[in-house]
Structure formats: structure tokens, C-alpha cells
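Engineer: Sequence first, predicted model second:
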Amino acid sequence: MAKISDKDEIVDIYLKYQKSLLRLAMTYVDRSYLAEDIVGDTIIAVLERPLEFENEASCACYMRRTVRNKSISLLRRKYQIDLLDDANDIEKRIIELSSSNKSYNDIEVQVLLHEILAEYPKEIREAFIAHILDDETIPSLAAYYGIKNDTLRKQIGRMKTRIAQAIPEKDMKSFLFMLMLIS
């Protein structure tokens, strides 16, 4: 088989796999318009780069991987949590956040998370959020942040324990729901 590098051939493959790409995007997002945006951004990203594929399957695989990466990036932006850098500035930060468009519950969640997780380094907090909210695997996060796999696993386990101890069991479901709603 000939290699695929012609933009028209890539568009034909995109059109052939467009529905499956939309279904894949819908596994990450809950709105069809977001899935359509992700898939639309995918073809643009693929066509902007001078790419060459071995065959149709490798082109489709690249598009699926692009959809997945764009979906994960969208979720990371959506669930980005502003953790405070200095514990002394909590009151100042609450005032700043309350003047933003975030709800009081969102602000409470951020402050609570800061208090619980303040002792951990930024990379560990980011890995924890990516693991909990985006369902990223600990080995992939450990590789990304350059942390030993076992170290990250233990740190995330400790963080989960601290959150479980800090929040009464009857409020845990509400807390997790609020955490998921932060945008």
C-alpha cells in the first residue's frame, strides 16, 4: 500500500471515521457540541501539519489519539483548581474568588482542598487532581512528572486518606460532586 500524505486522502479518511471520532469524544465530554468542536479541531490539527501515514489504519489511529488528547486537555482546563501558594493569603484569596464568577461552593471547595493538600508539592497536587478527575493512571502521571511510581502511588493514597478524614462520610458525596463541578 502507498503511504498517505495527501490532504484529500486524509480528509476522506476523516469523513469515513468521523462518527466513531464523535463517539470517542462523547466518552470524555457530556455535550454533543463539545464533542463536535473536539473532532473539528482534530481535523484542523491533522491538516495543519505535514504528516505521512503508513496506511488508513495508522491515520485513523492518529486521529483517535488526537481526539483523546484534545478531550483530556479540555477536561484539564475545565477542572483546573486554583490552589493557594501561601496559607497566610487565604482570606485575601477568598475575597478575590468571591468577586469572580465562581459560586460560594466552588470557593469553599478550593479553600478546603488547599488546607488539606497544602503540605504536598505542586506536582503531587496536580497529579492527584489529574488522577481523580481525569482518571489518568498513576504510572503515566509518574512518568510525566518524573516521580517514582511507588512514591506517587503512596502520596496519592495519603491524600485520599486525608480528604476522607477531613470530610464526614455523609458529606463526601456532596464534596466530590462539588469538586467535579468546578470549572
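Structural biologist: Here it is on my side, so go on. Numbers count the residues shown, from 1 in each chain.
Engineer: Any buried residues in the longest helix seen in the chain, and which?
Structural biologist: Scanning the chain for the helix with the most residues, using DSSP state H, yields helix 56-78. By neighbour count on 16 or more other C-beta atoms under 10 Å, the buried set for helix 56-78 is 56, 59-60, 62-64, 66-68, 70-71, 74-75. (C-beta placed from N, C-alpha, C; glycine too.)
Engineer: Nearest to residue 160 among those residues?
Structural biologist: Proximity of these to residue 160 (C-beta to C-beta) peaks at residue 75, which lies at 19.9 Å.
Engineer: Next, work out how far apart that closest one and residue 163 are.
Structural biologist: Distance from residue 75 to residue 163, counting by C-beta to C-beta, to the nearest Å: 20 Å.
Engineer: All the helices of the chain, residue numbers only.
Structural biologist: Under DSSP H, the chain gives helices at 7-26, 32-48, 56-78, 90-98, 104-117, 122-134, 138-145, 149-166, 169-181.
Engineer: By mean pLDDT, show me the worst of these.
Structural biologist: With a mean of 53, helix 90-98 has the lowest mean pLDDT of these.
Engineer: Pretty sure residue 36 sits against residue 22.
Structural biologist: Yes. Contact status for residue 36 versus residue 22: in contact at 6.8 Å, counting by C-beta atoms under 8 Å.
Engineer: Need the overlap of contacts for these two.
Structural biologist: Overlap of the contact sets of residue 36 and residue 22 (by C-beta atoms under 8 Å, 6 or more residues apart in numbering) is empty.
Engineer: From residue 70, how far out is the most centrally placed residue in the chain?
Structural biologist: For the chain, residue 76 is the residue whose C-alpha lies nearest the centre (C-alpha atoms, centre = their mean; 3.0 Å). Between residue 76 and residue 70 the distance is 11 Å, computed by C-beta to C-beta.
Engineer: now do residue 15
Structural biologist: 18 Å.
Engineer: How about residue 168?
Structural biologist: Taking C-beta to C-beta, one finds residue 168 at 38 Å from residue 70.
Engineer: what's the answer for residue 115, then?
Structural biologist: Separation of residue 115 from residue 70 (C-beta to C-beta): 34 Å.
Engineer: before we move on, what about residue 36?
Structural biologist: 12 Å.
Engineer: hey, what's in contact with both of these two?
Structural biologist: residue 25.
Engineer: Could you pull up the contacting residues of residue 20?
Structural biologist: So residue 20 contacts residue 64 (C-beta under 8 Å, 6+ apart).
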